[in-house]
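Participant: 3D model of this:
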Amino acid sequence: MNKKIFSKYRETKNYPQTIMDNEVIKLFKDSRLKHLIIIILFKGKRMPKYCTPMPRHPHPKINISLNNNLVEIYFSAIKKNPAIEDGAILIQENKGIQILRGFSFRIYPPPLDVPRLKNMGSGYNSSLDFSGIKQVVCVYFINKHGVKKFINGKVIDLTKIQ
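Facilitator: Numbers count the residues shown, from 1 in each chain. Okay, the predicted model is just below:
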């Protein structure tokens, strides 16, 4: 996707999603990042279907506003309990505010009927499929190669359009 198309894309999306894009890219650029991260942005009063929290102790802080501080919140949680690296992070968008709802969620969405790249792995494919779940605004897939953003089974490479 070229820059001209992306800026048109950004203009059509809501303001909080642009803020999340920037927060996720900051997380990707942080030199402490050493592993895959899946972040799910969702709307609604309940958690999306097809996800379950994995038990963790000690529990990192949740149900807090991100306040453009995802990087520090994330690494503070990792310091408290490194096991939270495993699983998806759920963030609720509520009236323009992003609220961290949980770490270490297992996601198990039904497959979407969309074309897919070969050899991308279960995390990539689960993220792609989860982006089609009702309530899910988008899913961010962050690894050493960049940031992919999935929206209803479509992928945008956020690192190539920066």
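Participant: State the three-state secondary structure for the residue nearest the centre of the chain.
Facilitator: Central residue of the chain (Cα atoms, centre = their mean): residue 39, 1.9 Å from the mean position. Three-state call for residue 39 (DSSP: H, G, I helix; E, B strand; the rest coil): strand.
Participant: any idea which strand is longest in the protein?
Facilitator: strand 97-107 (DSSP state E).
Participant: Can you name every helix or strand that the helix or strand following that one contacts?
Facilitator: Under the assignment DSSP states H and E, the closest C-terminal helix or strand after strand 97-107 is helix 121-130. The contact analysis (3 or more Cβ pairs under 8 Å, 6 or more residues apart in numbering; DSSP states H and E) places helix 121-130 against strand 37-42, strand 97-107, strand 136-143, strand 146-151. The way it works is simple: take the backbone N, C-alpha and C, and place the C-beta from them, glycine included.
Participant: Compile those strands into JSON lines and extend it with columns for distance to residue 53 and mean pLDDT.
Facilitator: Shown next, in JSON lines, are those (distance: least, Cβ to Cβ, whole Å; pLDDT from 0 to 100):
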{"stretch": "strand 37-42", "distance to residue 53": "12", "mean pLDDT": "97"}
{"stretch": "strand 97-107", "distance to residue 53": "5", "mean pLDDT": "96"}
{"stretch": "strand 136-143", "distance to residue 53": "16", "mean pLDDT": "96"}
{"stretch": "strand 146-151", "distance to residue 53": "21", "mean pLDDT": "95"}
